[in-house]
Structure formats: structure tokens, C-alpha cells
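> need a 3D model of the following:
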Amino acid sequence: MGDNRTPVTVIGLGDMGAALAGAFLAQGRQVTVWNRTAAKADALAARGALRAGTVGDAVAASPLVVVCVLDHGVVEDVLGPVSGALAGRTVVNLTNGTPEQARKAAAWADEHGIGYLDGGIMAVPPGIGTPGAFILYSGPRELFDAHREALSALGRPEYAGTDPGAAALQDLALLTGMYGMLSGVVQALALVRSAGFGPVDFATAKLVPWLGAMAAAVPHYAGQIESGDYTQGVVSRLAMQAAGLENIFRAHEDQGVSTELLAPLRALVARRLAEGHGAEDFPGVAELLGGGGATAGR
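The predicted structure is shown next:
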């Protein structure tokens, strides 16, 4: 039997918060909403959401309180004064932040008898509630299990670990991968544009298929980083890749295109070669970034 009768409160009605509240409404729940700018609740109220006059009224209305505001500073400003009303309830904080901010919020919640889950949303607002959306959660497993069905309205719930900061860390790691890819995409398109090729045609016909094919190597690279052994399954030695990287830089210079986005990579590869790792695979540059250690958060 589902728990669609359990009320939910959503605090924060920006684009993402409004999407979250709308997904809960679509799931058939009683949804109470609150935002510091009250007019942002109008569209949701027209769809059946209950508008709370104060944040205290909002948190008192539901055992499950979902928060999605600008940053953790706003979370503190909004929830701090109503900590007493939150006691015995569960807060799911979907505000983007850092692992340390999540741990601080979890400690505050624990001090006040509040259940706390931290989350990382891996979707844009229009994607909330669609099959492609997923949200990372960290904190007590029993809280995650208790609210899994409600949270499934927003996207596939993925449990990241008991460490309250685990969801934020994995969220930011995923975004790091995304921005790394987008940096390369922007750099590549600037290069082809400089030579008079159409960026759209190049991206559609060549770049997207190429990136898809290269993505297949990611699990292999992950295995090398996990083991710390960069000598297994090497297809292209770092020394060879470094030579190709130099050609990339020369081509950009010849075309008058800045290499600012790529410069840090060039420096890391040069350092790795200087340390005598030219026969290893490219992911060995991870050893220059630090952060090695046992797997955590499970």
C-alpha cells in the first residue's frame, strides 16, 4: 500500500521548488507550500496546494518538509526560528551545497530532534518527475526508506550513504564531470568555428557521436583510479597522448583561439611525464590531484 496520503510541505518556490511541489501534487498528495515572496505560491494554489501564511504554519502542516532555496544560509535563516516546530518531523534539504554544509545542517537537526536527509537533484526543473530524473539522498537509511515512495514523485531516489555529506559530494562530482565535458565542447566548437566550419553541423554529425563513443571508456578509467594501477589495459600511453595534446595547443594558437580552458590539463600531463609515468594511461593524472583514500559513505 502506498503512502500517498502523507502530507508534504515544500519550502522555497523558485523554479526548482515549484517543480518539486507540482510533482508531489501530481502524485496525489496534500501539499502545503511557503515562500518568502508569497505570490510565487499562486500557480500552485490554483492547482490545489495549500498556502501557508508563515513558515511555522508550513512546517506544522506535514511530517515531511522538503526545502529547496537559494543556499544553506537561507536554509538556516528560514528553519532556524522554527526548530521547535520541526522536532519529530523529517526535513529533506534539496538545496545545493557542499558536503560540509550538509554535515553542519544534519548536526543542527540532530540537536533539535529533527530527522534530516540531504539531497542532490540531478535534473533541471522541467525534468522533475520524469523517468530521466534522479535525486541523491544521504543520511539515516531508515529515513530514506520511510520516505522513498513520497520522494519517488520527484525522480528516481538514489541512496548515497549514511554520511550526510555524501549526496552533496556525489552531486558536485557529477557536475564536475559535466562541466569538464562542456569545457571541452566549448573549446572544440571555438576551434572549428575559427576555421569556418559550422559548429551546429560539426556538433551534430561528429562531436556528439565521438563523445558517446569515448564515454564507454569511463568505467575502465574508474577502475584504474580505484586500483591505483594505470598500467593495465593501456591503449594509448600518456607520452603519446602528450604529443597529441601539444598538437591541439599548436592548432589553437595557429587559429588564434585561446587555450585557457585546456591549460591546466597540459600542466598536469607535463608533471606526470616528468615523474616518469609516460608508459601509463591518462587517468594517472588523478594522482596529482590528491584525495586518495578508502571508499566512504556506504
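
> got the end-to-end distance for stretch 51-69?
End-to-end distance of stretch 51-69: 17 Å, with C-alpha to C-alpha, to the nearest Å as the criterion.

> right, I mislabeled it, should have said stretch 70-88
One end of stretch 70-88 sits 25 Å from the other (C-alpha to C-alpha).

> next one: stretch 80-94
Across its full length, stretch 80-94 reaches 16 Å end to end, with C-alpha to C-alpha as the criterion.

> buried ones in that stretch?
Within stretch 80-94, the residues that qualify as buried by neighbour count (16 or more other C-beta atoms under 10 Å) are 82, 85, 86, 89, 90, 91, 92, 93, 94. C-beta: built from backbone N, CA, C; applies to glycine.

> so how far is it from its chain's centroid?
Using C-alpha atoms, centre = their mean, to the nearest Å, the distance from the centre of stretch 80-94 to the centre of the chain it belongs to is 23 Å.

> now the strands: where do they sit in the stretch 51-200 of the chain?
When secondary structure is read from DSSP state E, counting those that start in this stretch, the stretch 51-200 of the chain shows strands at 64-67, 90-93, 115-122, 134-138, 156-161.

> among the buried residues of stretch 80-94, which two are most distant?
Largest separation among the buried residues of stretch 80-94 by C-beta to C-beta: 85 and 94, giving 19.8 Å.

> thinking again about what came up before, looking at the strands of the stretch 51-200 of the chain, which is closest to residue 248?
The closest of those to residue 248 is strand 115-122. By C-beta to C-beta, the value is 30.7 Å.

> quick one, the closest one and strand 156-161 angle?
Comparing the axes of strand 115-122 and strand 156-161 via axes from the mean of the first three to the mean of the last three C-alpha atoms, to 10 degrees yields an angle of 120 degrees.

> regarding this structure, what is its longest helix?
Among the elements of type helix in the chain, defined by DSSP state H, the one spanning the most residues is helix 166-194.

> pull out the buried positions in that one.
Within helix 166-194, the residues that count as buried by 16+ other C-beta under 10 Å are 166-171, 184-185, 187-192.

> need the residues you listed in CSV (columns: pLDDT).
Formatted as CSV, the entries for the buried residues of helix 166-194 read as follows, by pLDDT from 0 to 100:
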residue, pLDDT
166, 98
167, 98
168, 98
169, 98
170, 98
171, 98
184, 97
185, 98
187, 97
188, 98
189, 98
190, 98
191, 98
192, 98
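
> list just the nearest of those to residue 221.
Nearest to residue 221 among these is residue 184, at 15.0 Å by C-beta to C-beta.

> ramachandran angles for the closest residue in space to the closest one that isn't next to it in sequence?
The shortest distance from residue 184 to any residue that is not its chain neighbour, by C-beta to C-beta, 6 or more residues apart in numbering, is 7.6 Å, and that residue is residue 261. Residue 261 has phi and psi values of phi -70, psi -30 when expressed as degrees, to the nearest 10.

> what sits against residue 286?
For residue 286, the set of contacting residues under the criterion of C-beta atoms under 8 Å, 6 or more residues apart in numbering consists of residue 225.

> any idea how far residue 173 is from it?
Look at residue 286 and residue 173: by C-beta to C-beta, to the nearest Å, they are 13 Å apart.

> and the helices in the stretch 1-150 of the chain?
Assignment of helices within the stretch 1-150 of the chain using DSSP state H, counting those that start in this stretch yields the ranges 15-26, 42-46, 55-60, 72-79, 83-86, 99-111, 141-151.

> for residue 216, which of these is the nearest?
It is, among the helices of the stretch 1-150 of the chain and with distance given as C-beta to C-beta, helix 99-111, at 29.6 Å.

> buried residues in stretch 54-71?
Of the residues in stretch 54-71, 55, 57-69 count as buried by neighbour count, 16+ other C-beta under 10 Å.

> in a markdown table, list those residues along with pLDDT.
As requested, the buried residues of stretch 54-71 are exported to a markdown table (pLDDT from 0 to 100):
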| residue | pLDDT |
| --- | --- |
| 55 | 98 |
| 57 | 98 |
| 58 | 98 |
| 59 | 98 |
| 60 | 98 |
| 61 | 98 |
| 62 | 98 |
| 63 | 98 |
| 64 | 98 |
| 65 | 98 |
| 66 | 98 |
| 67 | 98 |
| 68 | 98 |
| 69 | 98 |
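
> which two in the residues you listed are spaced the farthest apart?
When these are compared pair by pair using C-beta to C-beta, the two farthest from each other are 63 and 69, 20.1 Å apart.

> that'll do, ta.
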